[in-house]
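Student: Below is the structure, and that's it, no one-letter string:
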C-alpha cells in the first residue's frame, strides 16, 4: 500500500502530542498537588495518582491516558484509512509522548495505559488476554507493576498462536519490551521485595 507521507507524519505528530499531555500532572494540580512527580513513586501515571489522591482522580487519569493511545490509533485506522500499520505507528507515537513528554522535559509515565489504548484499536484480542492476566496478578499480589509486566508478556505469548501474523508478534514484542524497560526500577524492587503494593480499600501506600 502506498504511504501518504504528509498524512502519516501528521498522524505521528498528533499521536506524540496527544501522548505528551501530562494527564497525571494536570489532574494532580487541579486537586492541589503542584508536583505529583515528587510524591509517592514519582510517576505521572494513574497508579501513583491513586496512591497520592485517591480512586476518583486515579480513574480520571487512567481513562484519559487510555484515550491518548486509542484516539490517534482510531483516527489513523478509521478516518484516514491507514491500516493496522498506520494505526500502530500513531499509537506508538502516543506511547512515546506519554513516556517522554515534551511538556515534562522528556520525562513521563510508564506507558501501560496508553499502550492499552492503542491496543484497543490495533490488537483488541491480545489486549483482552493481557488485561485478564493483569487483573488476576494484581488481585493476587497487589503489585500493579507485576500485573503490567505479566500482562504485556502474556499478550505476546498469545500472539505466537497461528492466528496472528509475524507483524503482530514483532509489534507486540516491541510494545512489551518498552513497557519492561520503563519498569526496570520496579523489577529491581520486586526482586528485593521492596516494591509498593496497592490497596484499593484506601488511599495511600502499603509495604
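Tutor: Ah, there it is. All values reported here derive from a predicted model rather than from experimental measurement.

Student: top helix in the protein by residue count?
Tutor: Longest helix of the chain, by residue count under DSSP state H: helix 55-74.

Student: any idea which helix or strand comes after that one?
Tutor: Following helix 55-74 in sequence order, the next helix or strand is helix 83-99 (DSSP states H and E).

Student: circling back: give the other helices and strands that the longest helix of the chain contacts.
Tutor: With contacts defined as 3 or more CB pairs under 8 Å, 6 or more residues apart in numbering; DSSP states H and E, helix 55-74 has these neighbours: helix 5-20, helix 23-30, helix 46-53, helix 83-99, helix 112-122. Any C-beta I mention is one placed from the backbone N, CA and C, and that applies to glycine too.

Student: among the ones you listed, which is nearest residue 129?
Tutor: helix 112-122 (10.4 Å; CB to CB).

Student: Helix 83-99 and the closest one, what's the angle between them?
Tutor: Relative orientation of helix 112-122 and helix 83-99, computed by axes from the mean of the first three to the mean of the last three CA atoms, to 10 degrees: 170 degrees.

Student: pLDDT (mean, whole number) over helix 112-122?
Tutor: Averaged across helix 112-122, the pLDDT comes to 98.

Student: quick one: contacts of it?
Tutor: The contact list for helix 112-122 (CB atoms under 8 Å, 6 or more residues apart in numbering) reads 19, 45-46, 61-62, 65-74, 77, 84, 87-88, 90-92, 94-95, 98, 126-127, 130-131, 148, 152, 155, 171, 175, 178-179.

Student: close enough to count as contact, residue 16 and residue 96?
Tutor: Yes: taking CB atoms under 8 Å as the definition, residue 16 is a contact partner of residue 96 at 6.1 Å.

Student: before we move on, back to that, from the helices and strands packed on helix 55-74, which stretch is densest packed?
Tutor: Among those, ranked by average contacts under mean count of other CB atoms under 10 Å, first place goes to helix 112-122 (a mean of 27).

Student: still on that earlier bit, need the helices and strands packed on helix 55-74 in TSV with distance to residue 40, can you?
Tutor: Formatted as TSV, the helices and strands packed on helix 55-74 follow (distance: least, CB to CB, whole Å):
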stretch	distance to residue 40
helix 5-20	21
helix 23-30	10
helix 46-53	4
helix 83-99	18
helix 112-122	16
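
Student: Nearest to residue 196 among these would be which one?
Tutor: Smallest distance to residue 196 across these (CB to CB): 7.4 Å, for helix 46-53.

Student: Quick one: distance of that closest one to the chain centre.
Tutor: Computed by CA atoms, centre = their mean, to the nearest Å, the separation of helix 46-53 from the middle of its chain amounts to 15 Å.

Student: what sits up against that helix?
Tutor: The contact list for helix 46-53 (CB under 8 Å, 6+ apart) reads 24, 27-28, 31, 33, 36, 39-42, 57-59, 61-62, 65, 113, 144, 196, 198, 203-205.

Student: pLDDT wise, what is the residue nearest to residue 93 when sequence neighbours are not counted at?
Tutor: Taking CB to CB, 6 or more residues apart in numbering as the measure, residue 93 lies nearest to residue 15, with 3.5 Å between them; neighbours along the chain are not counted. Note on residue 15: pLDDT of 98.
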